[in-house]
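whatever this is, show me its structure:
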Amino acid sequence: MKKIEVVFIPSPGVGHLISTLEFANLLINRNNRLNITVLVINFPKTVEKQTNYSLTESENLHVINLPQTTTHVPSTSDVGNSISALVETQKSNVKQAVSNLTGTLAAFVVDMFCTTMIDVANELGVPSLVFFTSGVAFLGLMLHLHTIWEQQDTELLLQQDELDIPSFANPVATNTLPTLVLRKEWESSFIKYGNGLKKASGIIVNSFHELEPHAVRSFLEDPTLRDLPIYPVGPILNPKSNVDSDDVIKWLDDQPPSSVVFLCFGSMGTFDEEQVREIALAIERSGVRFLWSLRKPQPQGTMVPPSDYTLSQMLEVLPEGFLDRTANIGRVIGWAPQVQVLAHQATGGFVSHCGWNSTLESIYYGVPIATWPLFAEQQTNAFELVRELKIAVEIALDYRLEFDIGRNYLLDADKIERGIRGVLDKDGEVRKKVKEMSQKSRNVLLEGGSSYTYLGQLIDYITNQV
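Reported below is the predicted structural model:
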């Protein structure tokens, strides 16, 4: 029987590539008639060596690195437009790669930042699905705001404290909207982004019905959202890290169950010296066991991933004597094996930037989050977790760290300490809810579960195209 070809185009960046490969494997495991080709767009002179991930190739999964094009590295003042420009330059390479496929082409699956590739799919006469790596509520928010942006001047709208958004049950605080919406100079990027999403034949979302029931319902009930089919097939989790982290895990092995607070802010999250000191002060005052992933900031105005401090650099940014005074209760490390730490029974709370992958991982492993968003859609995620779903403790909802202008305020040690204590509360309502949601996040992937069912519907849609 002839293979059914599906072309995946993830956004540049290892984070998007890994979740794309995980999802591709999920599809193949359910239907081995599917043949998936992942076309990888690399940043020019990228710091990331993405080719390592082609090791996950199998008979039905192929990874092709597209040729480098001569486009500038994304600018920090308008990330959206510069990634779009980079993706745009790859259209001819994508057409070339697709012309070499031997099976019957059924669909394109494009990342939420690669919707310009829908033009190529339209030329080839196949449908396009968007792979959306945030939640359903956030997807609904972006689509709803895009519709409003097209119809009216938004200056007055953004002066309101709260906005009614169909995919949220509660009014959303305006100061927790994503930067893409709040900054006037990014308006054209936002309009382009929304137009791209609305051109899709359907949207695959890395979330699940039981986590966001109101948001999923809103896509069936709200007239502005009803015409776009969604497939919440998550949680699609990143695989366990294969980086050697024995010493961290050994240290956790020696700690009591649910006693350690884990502080980690994603692949790009860092703080300046003043903010680092407030975190250290909060940790020391709280007296709790801790594992802190502390990374060295990138120079302001650049988007290179952070690096690890040397010991002497770390001693300079931390309060004097901090490492000695806390040696018996905690560890300050560089890069952290996040999945392994969250999966460990000693981990009792997670101070997180609220990136969507991290959020899903913490829910899956039943570890409550204390919210400390930095950029992208993290403020909206934090709002949803604390106010909408009530499964997280608030440190901040509106903290922002812009690549080009730095942070919007200093978060003081008192607030951070309250969050650390709150997230470790053994009898708290939040912990109970997260444990329940953890069980649901596992059940949805099993036969008869909601994500399993949506995945089946998605596969039916793709196979019916040929």
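
helices and strands of this protein: which one bottoms out on pLDDT?
Lowest on mean pLDDT, DSSP states H and E among the helices and strands of the chain sits helix 79-88, with a mean of 78.

what helices or strands is that one leaning on?
Packing contacts for helix 79-88, counted by 3 or more C-beta pairs under 8 Å, 6 or more residues apart in numbering; DSSP states H and E, involve helix 187-198. Backbone N, C-alpha and C define where each C-beta goes, glycine included.

chain center to the helix it packs on: distance?
Relative to its chain's centre, helix 187-198 lies at 19 Å (C-alpha atoms, centre = their mean, to the nearest Å).

stretch 93-106 too?
On the basis of C-alpha atoms, centre = their mean, stretch 93-106 is displaced by 29 Å from the centre of the chain it belongs to.

so which bits of stretch 144-158 are buried?
Buried positions in stretch 144-158, judged by neighbour count with 16 or more other C-beta atoms under 10 Å: 144, 145, 146, 149, 154.

can I have that stretch written out in CSV, keeping just the CAs?
This file holds the C-alpha atoms of stretch 144-158, laid out as CSV (Å, rounded to 0.1, in the frame of the first residue of the first chain):
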residue,chain,number,x,y,z
HIS,A,144,-10.3,36.8,19.3
LEU,A,145,-7.9,39.7,19.7
HIS,A,146,-6.9,39.4,16.0
THR,A,147,-10.6,39.7,15.0
ILE,A,148,-11.0,42.8,17.2
TRP,A,149,-7.7,44.3,15.9
GLU,A,150,-9.0,44.0,12.3
GLN,A,151,-12.1,45.9,13.2
GLN,A,152,-11.1,48.8,15.5
ASP,A,153,-8.3,50.9,16.9
THR,A,154,-7.0,49.0,20.0
GLU,A,155,-5.4,51.9,21.9
LEU,A,156,-8.6,52.4,24.1
LEU,A,157,-9.1,48.7,24.5
LEU,A,158,-5.7,48.2,26.0
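
touching it from outside, list them.
For stretch 144-158, contacts defined as C-beta atoms under 8 Å, 6 or more residues apart in numbering pick out 163, 165-167, 174, 177, 181-182, 187, 190-191, 193-195, 197-198, 222, 224-225.

cool, stretch 318-327 as well?
By C-beta under 8 Å, 6+ apart, stretch 318-327 touches 276, 277, 280, 281, 283, 284, 290, 314, 315, 332.

want to throw the buried residues of stretch 144-158 into a markdown table with pLDDT?
Shown next, in a markdown table, are these (pLDDT from 0 to 100):
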| residue | pLDDT |
| --- | --- |
| 144 | 95 |
| 145 | 95 |
| 146 | 95 |
| 149 | 92 |
| 154 | 82 |
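
just to revisit the earlier point, now the least confident helix or strand of the chain against helix 187-198, angle please.
Angle, helix 79-88 to helix 187-198, by axes from the mean of the first three to the mean of the last three C-alpha atoms, to 10 degrees: 50 degrees.

which residues touch helix 79-88?
By C-beta under 8 Å, 6+ apart, helix 79-88 touches 9, 11-12, 41, 43-44, 69, 71-75, 113-114, 116-117, 180, 186, 188-190, 192-193, 303, 403.

that older thread, please spell out the PyMOL selection for the buried subset of the contacts of stretch 318-327.
Buried residues among those (16+ other C-beta under 10 Å), as a PyMOL selection:
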select buried, resi 276+277+280+281+283+284+290+314+332
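
give me the subset of the contacts of stretch 318-327 that lies in strands.
290, 332 (DSSP state E).

still on that earlier bit, what is the nearest of the buried residues of stretch 144-158 to residue 122?
Lowest distance from residue 122 to the buried residues of stretch 144-158 (C-beta to C-beta) belongs to residue 146, with 19.9 Å.

tell me what angle the one helix or strand that closest one maps to forms with helix 187-198.
Residue 146 belongs to helix 136-151 when assigned by DSSP states H and E. Computed with the same axes, to 10 degrees, the direction of helix 136-151 lies at 120 degrees from that of helix 187-198.

count the neighbours of residue 273 for me.
Applying other C-beta atoms under 10 Å, we find 10 residues neighbouring residue 273.

state the pLDDT value of it.
Looking at residue 273, its pLDDT reads 96.

what's near enough to touch it?
residue 317.

give me phi/psi at it?
Taking degrees, to the nearest 10, you get phi -60, psi -40 for the backbone angles of residue 273.

now do the helix holding residue 146: distance to the chain's middle.
Offset of helix 136-151 from its chain centre (C-alpha atoms, centre = their mean): 18 Å.

what's the average pLDDT for the helix or strand that that helix is followed by?
Using DSSP H and E, the next helix or strand after helix 136-151 towards the C-terminus is helix 155-159. Taken as a whole, helix 155-159 carries a mean pLDDT of 87.

before we move on, what about stretch 172-179?
96.

just the terminal-to-terminal distance for that stretch.
Length of stretch 172-179, first residue to last, C-alpha to C-alpha, to the nearest Å: 14 Å.

roughly how far apart are the closest residue to residue 334 other than its chain neighbours and residue 277?
Leaving aside its chain neighbours, residue 334 sits nearest to residue 308 (3.0 Å; criterion: C-beta to C-beta, 6 or more residues apart in numbering). Using C-beta to C-beta, to the nearest Å, residue 308 is found at 19 Å from residue 277.

over to residue 247?
For residue 247, the distance to residue 277 equals 26 Å [C-beta to C-beta].

for residue 25, same thing?
Counting by C-beta to C-beta, the gap from residue 25 to residue 277 is 43 Å.

with residue 167 instead?
Per C-beta to C-beta, residue 167 is found 39 Å from residue 277.

after the least confident helix or strand of the chain, next one along is what?
helix 91-99.

hmm, who's touching that following helix?
By C-beta under 8 Å, 6+ apart, the residues outside helix 91-99 that reach it are 7, 9, 37, 39, 64, 66-67, 69, 105, 116-117, 119-120, 123-124.

next, the angle from that helix to helix 79-88.
Per the same axes, to 10 degrees, the angle that helix 91-99 makes with helix 79-88 is 50 degrees.

any weak-confidence spans in the stretch 51-200 of the chain?
Where the stretch 51-200 of the chain drops to pLDDT under 70, the residues are 51-56, 70-81.

now with 80?
Residues of the stretch 51-200 of the chain meeting the criterion pLDDT under 80: 51-57, 70-82, 153.

what are the ranges of the strands in the stretch 351-466 of the chain?
369-371, 392-394, 401-402, 406-407 (DSSP state E, counting those that start in this stretch).
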